[in-house]
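Build the 3D model from these lines:
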Amino acid sequence: MTMAPRHLHKRWLTALVMAGVTFVAGAQDKPDDVRLPDLGSSANALISPQEAQDYGAMMLQQMRALDMVVDDPLADDYLNNLGFRLVANSAKPKDHFAFFIAKDPVINAFSAPGGYVGINSGLIIITRSEDELAAVMAHEIGHITQNHLQRAYESAKKDTPLMALVALGAIAAGGAAGGQAAAAALLGGQGVLMQKEINFTRKDEAEADRTGIQTLAKAGYDPNAMAGFFQRMEDVMSTDAGGINVPSLLLDHPVTAQRISDAKARATTLIAAQKQQISGNPLDKSSWMQKTAPIAYVKDPTSLLATNTDNQGPNTYLLMRERVRVLSDDAYRMSNYYGALIGHQSGYDTPENRYGYALALTRSGQGGKAITQLQPLLGKYPDSLILRLAMADARLQAGQRAAALDIYVALNTQSPRNRAIGLAYANALTQGGTTAQAAQAADMLRPMLDNTDEPGIFTAYARASEKAGDTVRAGEAYAQASYLSGRPFDAMEQLKTLLKRTDLDYYARARIQARVADLTPLVLELRKRRVSTDDNPDGNDQTQQQLGTTAPCSGRLCFSMGNGRP
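Below is the predicted model of the structure:
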């Protein structure tokens with residue numbers, strides 16, 4: 001069997017889970033009609049909101065299994081704060097949404113069932129302002145609030161009934177076994193998904209632009225940012241792209257002059273309307289943000305993610321952009337990248353680049369050098385929580401544990417509910433600490449478990465609990481981390497092993513049995529359909545026979561190709 005390169009496996013999975021749902025591409029050649037449609041859709045009858053949410057969660061777990069997600073509490077909180085600011089000003093502020101960063105250099109973003117919105121790291125890196133990033137996210141939110149995904153599946157049903165059955169009917173049919181098993185049933189038909197892409201129409205794209213610009217403006221962002229980003233994408237495609245990895249979808253479906261013109265016209269109309277509402281005040285960025293947003297969205301000035309626009313600290317968006325650049329690439333390569341730029345090329349010695357350099361140095365085991373990069377920044381911005389957290393991480397890596405703990409303590413006192421600080425502090429307490437410090441770390445992490453699907457937090461809690469002597473809680477957390485990482489069979493086996501212990505009390509046994517009951521339908525469905533995963537690689541041949549295709553596998557989730565193209 002021919003083995004495909006790892007990046008192609010990522011592209012196959014991306015094509016599957018996105019179903020052609022992209023930000024700047026994927027429009028079919030149909031007439032442009034921007035009239036807002038009836039928001040209802042008969043496709044809604046095929047899948048309930050909870051089933052769609054379960055499918056989106058399963059998709060995210062699969063992506064994690066392929067190392068396609070940047071799981072970082074600091075970057076995640078930034079992206080979700082931005083995303084929910086937009087959602088609060090969208091057409092459906094009460095719907096379920098979840099935003100995450102896909103580890104992919106391609107300039108793209110996508111919507112998925114259940115309100116899941118993925119932003120590729122390559123897109124975040126190419127944006128030049130928070131307004132541009134918000135414009136992309138507002139567009140994707142528009143696709144979801146206008147039910148474009150359901151309509152795309154509904155359209156596919158008309159053209160290819162089997163396609164619609166695989167895309168939606170499998171979830172509905174599996175509903176009796178639970179949402180997770182229903183989502184697993186989709187995996188058995190992914191070979192069919194390969195045969196035909198579901199693309200948004202030009203009407204859908206134009207409508208997402210229109211509603212996105214409205215959301216952007218209501219949230220206090222520059223409505224011209226969407227047209228500006230379109231224009232830059234067109235410029236990128238008309239040149240050699242400056243070394244940027246331009247996705248093939250962008251090349252196949254270029255941003256048109258008409259789309260840019262429409263976006264500019266809508267932004268102009270919105271600004272003119274707002275000028276009439278803001279009498280006697282110039283419509284600068286500050287007054288726009290303060291007076292146009294219909295909701296009270298005031299960031300806590302002590303927040304770790306407060307965006308600084310008054311020169312009292314480095315710009316949060318710029319710091320997070322560099323953080324994503326580092327976290328989505330090899331640490332050694334990134335340290336060389338920043339080292340070659342800073343001090344050698346004009347205009348690159350900026351706070352955000354110094355921060356990125358320090359982060360890359362810390363991650364590549366050069367904490368001492370990272371400290372050197374951070375010290376002048378903290379001298380200029382002593383109150384920046386992001387820079388102080390980076391310094392604590394650098395000192396811990398450099399072996400200065402006591403100094404690092406002092407910083408973590410101060411940060412945690414100032415922002416006791418911040419996940420990034422809490423996770424870093426807890427890990428520092430666990431690593432090289434006493435049993436009492438490990439117990440303290442577990443106590444800090446336990447409240448986070450109820451509101452996260454990040455396997456790293458469960459792993460940190462498991463390690464802390466294990467060192468503190470609570471091996472039962474540690475085992476449960478390790479099992480959950482495996483499940484969230486796309487390894488449900490491992491999770492089941494770990495839970496069954498725990499149930500064999502004779503020292504379980506009533507409550508622990510009840511918790512574990514309940515979790516086993518939750519996972520059983522999913523595991524049975526995966527086994528039935530011979531879906532191959534890292535922790536269940538035995539179903540490859542039968543899966544291929546069922547789909548009538550050849551599936552290249554490399555120890556990851558196994559998918560069929562269908563006509564030999566991703």
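
Pull the contacting residues for residue 423.
Taking CB atoms under 8 Å, 6 or more residues apart in numbering as the criterion, residue 423 is in contact with 73, 445, 448, 456, 457, 460. Placement of C-beta: from N, CA and C, glycine included.

Now, of those, which are buried?
73, 445, 448, 456, 457, 460 (16 or more other CB atoms under 10 Å).

looking just at contacts, which helices and strands does the longest helix anywhere in the chain meet?
With secondary structure taken from DSSP state H, the chain has its longest helix at helix 506-528. Using 3 or more CB pairs under 8 Å, 6 or more residues apart in numbering; DSSP states H and E as the contact test, the elements touching helix 506-528 are helix 179-187, helix 471-484, helix 488-499.

got the buried residues for that helix?
Buried residues in helix 506-528, defined by neighbour count with 16+ other CB under 10 Å: 508, 511, 512, 515, 516, 519, 521, 522, 523, 525, 526.

now those as JSON lines including pLDDT?
Formatted as JSON lines, the buried residues of helix 506-528 follow (pLDDT from 0 to 100):
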{"residue": "508", "pLDDT": "97"}
{"residue": "511", "pLDDT": "97"}
{"residue": "512", "pLDDT": "97"}
{"residue": "515", "pLDDT": "96"}
{"residue": "516", "pLDDT": "97"}
{"residue": "519", "pLDDT": "93"}
{"residue": "521", "pLDDT": "90"}
{"residue": "522", "pLDDT": "86"}
{"residue": "523", "pLDDT": "88"}
{"residue": "525", "pLDDT": "80"}
{"residue": "526", "pLDDT": "80"}
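
which one of those is nearest residue 66?
Nearest to residue 66 among the buried residues of helix 506-528: residue 526, at 16.1 Å, using CB to CB.

Just confirm the closest one contacts residue 535, I think it does.
No. Taking contacts as CB atoms under 8 Å, residue 526 lies outside contact range of residue 535: 10.0 Å.

can you list residues touching both of these two?
Shared contacts of residue 526 and residue 535 (CB under 8 Å, 6+ apart): 488, 489.

Any regions of the stretch 251-400 of the chain where pLDDT drops low?
The stretch 251-400 of the chain contains residues with pLDDT under 70 at 251-312.

now the helices for it?
257-277, 285-291, 316-327, 331-341, 351-363, 367-380, 385-397 (DSSP state H, counting those that start in this stretch).

For the next helix or strand after the last one, name the packing helices and strands.
From helix 385-397 onward toward the C-terminus, using DSSP states H and E, the following helix or strand is helix 401-414. The contact analysis (3+ CB pairs under 8 Å, 6+ apart) places helix 401-414 against helix 385-397, helix 419-430.

could these go into TSV alongside distance to residue 136?
Formatted as TSV, those follow (distance: least, CB to CB, whole Å):
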stretch	distance to residue 136
helix 385-397	23
helix 419-430	23
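
show me where the stretch 1-150 of the chain has strands.
Using DSSP state E, counting those that start in this stretch, the strands of the stretch 1-150 of the chain run over residues 98-102, 109-112, 116-120.

what packs against the first one?
In terms of contacts (3+ CB pairs under 8 Å, 6+ apart), strand 98-102 is packed against helix 49-65, helix 73-87, strand 116-120, helix 121-126.

what about the ones you listed, which gets the closest to residue 394?
helix 73-87 (14.7 Å).

Please work out the angle formed by the directions of the closest one and helix 419-430.
Computed by axes from the mean of the first three to the mean of the last three CA atoms, to 10 degrees, the angle separating helix 73-87 from helix 419-430 equals 160 degrees.

Other residues contacting helix 73-87?
With contact meaning CB under 8 Å, 6+ apart, helix 73-87 is reached by 93, 95, 97-101, 117, 119, 130, 133-134, 137-138, 141, 215-216, 219-220, 297, 304-305, 316-317, 320, 323-324, 327, 386, 389, 418-420, 423, 454, 457.

repeat that for 7 Å
Surrounding helix 73-87, the residues in contact under the criterion CB atoms under 7 Å, 6 or more residues apart in numbering are 93, 97, 99-101, 117, 119, 133-134, 137-138, 141, 215, 219, 297, 305, 316, 320, 323-324, 327, 419-420, 423.

what mean pLDDT would you report for it?
For helix 73-87, the mean pLDDT works out to 95.

before we move on, what about stretch 138-156?
In this model, stretch 138-156 carries a mean pLDDT of 76.

Kindly report the same for stretch 418-430.
Mean predicted lDDT for stretch 418-430 stands at 97.

Just the CA atoms of it, as PDB, please.
Presented in PDB, the C-alpha positions along stretch 418-430 are these (Å, rounded to 0.1, in the frame of the first residue of the first chain):
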ATOM      1  CA  ASN A 418      -7.400  32.700  34.000                       C
ATOM      2  CA  ARG A 419      -6.900  29.300  32.400                       C
ATOM      3  CA  ALA A 420      -3.500  30.000  30.900                       C
ATOM      4  CA  ILE A 421      -2.100  31.300  34.200                       C
ATOM      5  CA  GLY A 422      -3.700  28.500  36.200                       C
ATOM      6  CA  LEU A 423      -2.500  25.700  33.900                       C
ATOM      7  CA  ALA A 424       1.100  27.100  33.800                       C
ATOM      8  CA  TYR A 425       1.200  27.600  37.500                       C
ATOM      9  CA  ALA A 426      -0.200  24.100  38.200                       C
ATOM     10  CA  ASN A 427       2.300  22.500  35.900                       C
ATOM     11  CA  ALA A 428       5.100  24.300  37.600                       C
ATOM     12  CA  LEU A 429       3.900  23.100  41.000                       C
ATOM     13  CA  THR A 430       3.700  19.500  39.800                       C
END
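
Hmm, residue 104 is touching residue 124, no?
No. Residue 104 is beyond contact range of residue 124, at 10.5 Å (criterion: CB atoms under 7 Å).

re the thing from before, wait, which of the helices and strands packed on helix 401-414 is closest to residue 503?
Nearest of these (CB to CB): helix 419-430, 23.2 Å.

Burial-wise, tell me which of the strands of the stretch 1-150 of the chain comes out on top.
Ranked by mean neighbour count, the strands of the stretch 1-150 of the chain are led by strand 116-120 with a mean of 26 (mean count of other CB atoms under 10 Å).

Lovely, talk soon.
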